[in-house]
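Participant: Give me a 3D structure for the following:
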Amino acid sequence: MATLNPILSDFELHQPKQQHFPVVFNSPHSGRNYPTDFIAASNLNEKALRSSEDFLVDELFAGIPALSCPLLKANFPRAFLDVNREPWELDPKMFSDKLPGFVTTNSIRIAGGLGTIARKVSERQNIYRDKLTFEHAQTRINRYYFPYHAALKQCIKDTHKKFGQVLLIDCHSMPSSVGGFFSRQKIKPDIILGDRFGASCEGQFVDRLENLFSRAGLNVARNRPYAGGYITAQYGRPHRAVHAIQVEINRGLYMNEKTLTRAQGFDKLQDQLTNVFATFMAEAFPSTALAAE
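Facilitator: Numbers count the residues shown, from 1 in each chain. This next block holds a predicted model:
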């Protein structure tokens, strides 16, 4: 049985009793603990705020620790703080005071309202009723962002030290409307694998994973429109034997996107993911699989 090692109530690291594979799983956007003062400061109700969640992705991957790999998951929500951004990626329009010079204030993500502290939910509705102070943002980032990344870095470091290599699987979900991006194609993706167009991971891992998802009956695309976010770009260093793949799952497979509830396909998809990664790890890392037997 996998054991739970809580680091902080803000996030959790689910560790196996013994790690048998050089693979680390991360779910940074599935948190659903909404601080009451955050909701009070928002124009939106909790249901509207939850539209930016990677809904129950942590539960879709709940079988991973039993496969002898760690799973890190955020408990705080993405609308509150997004760890898949640079640490200081902030929109100056959100703040009542001038931001320090070290803050990144100009990026595509900021323009879309989706910085480290988001201005909007799902690029549509403004979150905050009033402007924030930089001190408020600094407190939030120091409490949540840096401890989360410290835990992720340590998990990657420990895995690399033990096995001489590590593969980070960054777990996300995408709206079913992403199918519009593929409007000229007959087949819409169930899974999108992002490897920064080859920059964050050796091709053999992505090829194998794509093949296994396809064999499981899921339609797979690569890198468009999701090539991988900050986490994939920051940690993926193939030349150092540190690889990172972002996995985006179509929400239409497992949830009702209007009511934010599980759909009938949830259990089936959960089993598919567990089986795909069990096979993937056994095939991609056969020497460690044999040692674990």
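Participant: Quick one: the strands in this structure, in order.
Facilitator: Ranges of strands in the chain, per DSSP state E, are 3-8, 11-15, 23-27, 71-74, 120-121, 125-126, 166-174, 191-194, 220-222, 242-250, 255-256, 261-262.
Participant: which secondary structure elements does the second one contact?
Facilitator: Counting by 3 or more CB pairs under 8 Å, 6 or more residues apart in numbering; DSSP states H and E, the packing neighbours recorded for strand 11-15 are strand 3-8, strand 71-74, helix 146-163. Where you see a C-beta, it was placed from the backbone N, CA and C, and this is true even at glycine.
Participant: just checking, which of the strands of the chain sits deepest inside the structure?
Facilitator: strand 23-27 (a mean of 27; mean count of other CB atoms under 10 Å).
Participant: then that strand to CSV, C-alphas only?
Facilitator: The C-alpha coordinates for strand 23-27 follow below in CSV (Å, rounded to 0.1, in the frame of the first residue of the first chain):
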residue,chain,number,x,y,z
VAL,A,23,9.1,8.6,-12.7
VAL,A,24,7.5,11.4,-10.7
PHE,A,25,3.9,12.5,-11.2
ASN,A,26,2.7,16.0,-10.5
SER,A,27,-0.8,17.4,-10.3
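Participant: Pipe the strands of the chain into a markdown table and attach distance to residue 35 and mean pLDDT per row.
Facilitator: What follows is the strands of the chain, written out as a markdown table (distance: least, CB to CB, whole Å; pLDDT from 0 to 100):
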| stretch | distance to residue 35 | mean pLDDT |
| --- | --- | --- |
| strand 3-8 | 14 | 39 |
| strand 11-15 | 14 | 96 |
| strand 23-27 | 19 | 98 |
| strand 71-74 | 13 | 98 |
| strand 120-121 | 16 | 93 |
| strand 125-126 | 18 | 90 |
| strand 166-174 | 23 | 98 |
| strand 191-194 | 30 | 98 |
| strand 220-222 | 36 | 97 |
| strand 242-250 | 27 | 98 |
| strand 255-256 | 24 | 98 |
| strand 261-262 | 23 | 96 |
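Participant: Worst mean pLDDT across the helices and strands of this structure, which element?
Facilitator: Least confident element among the helices and strands of the chain, by mean pLDDT, DSSP states H and E: strand 3-8 (a mean of 39).
Participant: would a markdown table of the strands of the chain with distance to residue 280 be doable?
Facilitator: A markdown table is the format used below for these (distance: least, CB to CB, whole Å):
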| stretch | distance to residue 280 |
| --- | --- |
| strand 3-8 | 23 |
| strand 11-15 | 19 |
| strand 23-27 | 8 |
| strand 71-74 | 15 |
| strand 120-121 | 33 |
| strand 125-126 | 38 |
| strand 166-174 | 9 |
| strand 191-194 | 12 |
| strand 220-222 | 13 |
| strand 242-250 | 10 |
| strand 255-256 | 24 |
| strand 261-262 | 25 |
